[in-house]
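[1] sequence first, predicted model second:
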Amino acid sequence: MRSDRTRALRDGTLGRVNRTERLYALVEEMRAVAPRPRTAHHLADRFEVSVRTVQRDLGALMEAGVPLYATPGPGGGYAIDPAHTLPPVNFTSDEAAALAIALARPGSSPLAEALRSALRKVVAAMPPAEADAARRLAGRLHFMADDRDVRSPSALTMEAALVAGQVVEIDYRDRYGDLTHRAVEPMAVVAGPTQWYLMAYCRLRQDVRCFRLDRVETARLTDETAPVRDIAFGDDIPLPVRPLQLLE
């Protein structure tokens, strides 16, 4: 049924549609002819909107991470990279609400902003009816205020160090209240019952150490790439740990 609707959107038989439907149909139109380009004028005629509207829609798709690129010159236009795009995943309203619950409190967790961005993309990719149902269901779920959800100012720097695998300089206050300046090589993060921890090689102690992320008072990303080190969980984290896995 969805493919029939998409075909109708491309053929212009549904008349004017909302922006969410048009964005989805734009991607499907360009995926169908990839890697050949489509001009903004062609797409504007196809969807019965102005060229400016199409260009604004294409810009929004690129900002959302859709692999579009412009090809200049005669016969040029906009094209999508077929090697880096997949058909959208059809989430149901309860699946989307379940993801919202899982991501509702990123708090001090690594990649907290990425978690929020991922949820926005999931909802944006859903059919309008399912997205509306997910929002209604989410409106029935509430959370009590929790001060632990406030991240430290150094959180974004720590996230960048984890993602890029770079050495980061930190001012760290330990359990006794002592403040030390250290250069550390990020290795892994561990989610505890109430806190997140960074496993890193500490150049000050010349050994692997575990740092509570909420005790990192300042952080500065360096230009140095951290060497790859094997991770061994021992006495520093006595509780059993398991790595995050992407289910297949």
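    Yes, it's here. Quick caveat: nothing in here was measured; it's all calculated off a predicted structure.

[2] switch to C-alpha atoms for all contacts and neighbour counts from now on
    Fine.

[3] could you identify the helix or strand that succeeds the longest strand along the chain?
    Taking DSSP state E as the criterion, the chain has its longest strand at strand 179-191. Going down the chain from strand 179-191, the next helix or strand is strand 196-202, by DSSP states H and E.

[4] buried residues, that next one. List them.
    196-202 (16 or more other CA atoms under 10 Å).

[5] tell me how far the longest strand of the chain is from the chain's mean position?
    Going by CA atoms, centre = their mean, to the nearest Å, the spacing between the C-alpha centre of strand 179-191 and its chain's C-alpha centre is 23 Å.

[6] confirm that Arg36 sits in a strand.
    No: Arg36: not assigned to a strand; according to DSSP: H, G, I helix; E, B strand; the rest coil it is coil.

[7] adjust the sequence numbering to begin at 153 for everything that follows.
    Taking 153 as the first residue, the last one we looked at is Arg188.

[8] how is this structure partitioned into domains?
    Under the assignment automatic domain parsing, the domains of the chain span 154-236, 245-300, 307-377.

[9] need the winner for burial among those domains.
    domain 307-377 (a mean of 17; mean count of other CA atoms under 10 Å).

[10] now find how far off-centre it is within its chain.
    Per CA atoms, centre = their mean, the centroid offset for domain 307-377 relative to its chain is 22 Å.

[11] Leu373 bridge partners, please.
    Val320 (DSSP bridges).

[12] pretty sure it contacts Ala313?
    Yes: the criterion here is CA atoms under 8 Å, and Leu373 meets it with Ala313 at 6.4 Å.

[13] which neighbours do those two have in common?
    Shared contacts of Leu373 and Ala313 (CA atoms under 8 Å, 6 or more residues apart in numbering): 319-320.
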